[in-house]
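> Have a look; sequence and predicted model below, questions after that.
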2 protein chains.
Amino acid sequence: MLDPQGKVIQQILQNMGMNTLKELRQGKYFEIEINEKDENKAKNKVDEMCKKLLANLIIEDFKVNKL
Amino acid sequence: MLDPQGKVIQQILQNMGMNTLKELRQGKYFEIEINEKDENKAKNKVDEMCKKLLANLIIEDFKVNKL
């Protein structure tokens, strides 16, 4: 995925003298608590939230992890 | 930390019928690759990046994890 803002931040840090910096990528995260005992159902619900609202699938990718 | 945008997103999802949603928090993350073999030095460098540029310490908190 393209990450123009991450590239700008990387350039600024390198210009500030951080010469060990190799790569920087930026993104968003959501911590989501669900009232659901069935782990599969909870995962499906979060997938649905991502597809319907949280992620812009045209320009973004997403993954779901259990905490 | 206050998270007004997270609260708005939570409300929208609940209004969309996601009634098992209990809590949603939103944040930013940065994946940073450093050319540094010494893990402590790498951690200190990333802390410095957070304090000098990446985090707005007035309204944000940050934590650093090794990937």
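The structure has been received and is ready for your questions.

> what's the offset of stretch A:3-10 from the middle of its chain?
Stretch A:3-10 has its C-alpha centroid displaced from the chain centroid by 14 Å (C-alpha atoms, centre = their mean, to the nearest Å).

> Over to stretch A:60-67?
So, by C-alpha atoms, centre = their mean, the centroid of stretch A:60-67 is 7 Å from its chain's centroid.

> dump the residue contacts of A:Gln5.
A:Gln26 (C-beta atoms under 8 Å, 6 or more residues apart in numbering or on different chains). Glycine gets a C-beta too; all of them are placed from N, C-alpha and C.

> Please identify the buried residues of the host helix or strand of it?
Assigned by DSSP states H and E, A:Gln5 belongs to helix A:4-15. Buried residues in helix A:4-15, counted by 16 or more other C-beta atoms under 10 Å in any protein chain shown: A:Gly6, A:Ile9, A:Gln10, A:Leu13.

> which residue sits closest to the second one in space, ignoring its chain neighbours?
Nearest non-adjacent residue to A:Ile9, counting by C-beta to C-beta, 6 or more residues apart in numbering or on different chains: A:Leu24, 5.8 Å away.

> Could you verify that the one you found is part of a helix?
No - read with DSSP: H, G, I helix; E, B strand; the rest coil, A:Leu24 is strand and lies in no helix.

> Mind pulling up the pLDDT for the residue lying farthest from the centre of chain A?
Centroid-distance maximum for chain A: A:Gly17 at 27.1 Å, with C-alpha atoms, centre = their mean. Looking at A:Gly17, its pLDDT stands at 96.

> now A:Met1
At A:Met1, pLDDT is 69.

> From the opening residue of stretch A:15-22 to its closing one, how far?
Chord length of stretch A:15-22, first to last residue, is 13 Å (C-alpha to C-alpha, to the nearest Å).

> May I see the buried residues of that stretch?
Using 16+ other C-beta under 10 Å as the test for burial, stretch A:15-22 gives A:Met18, A:Leu21.

> contact partners of it?
Taking C-beta under 8 Å, 6+ apart as the rule, stretch A:15-22 contacts A:10, A:13-14, B:32-36, B:42, B:45, B:48-49, B:52-53.

> on that earlier part again, quick one: the residue nearest to A:Ile9 and B:Ile32 touch, right?
Yes - A:Leu24 is in contact with B:Ile32 according to C-beta atoms under 8 Å; the separation is 5.1 Å.
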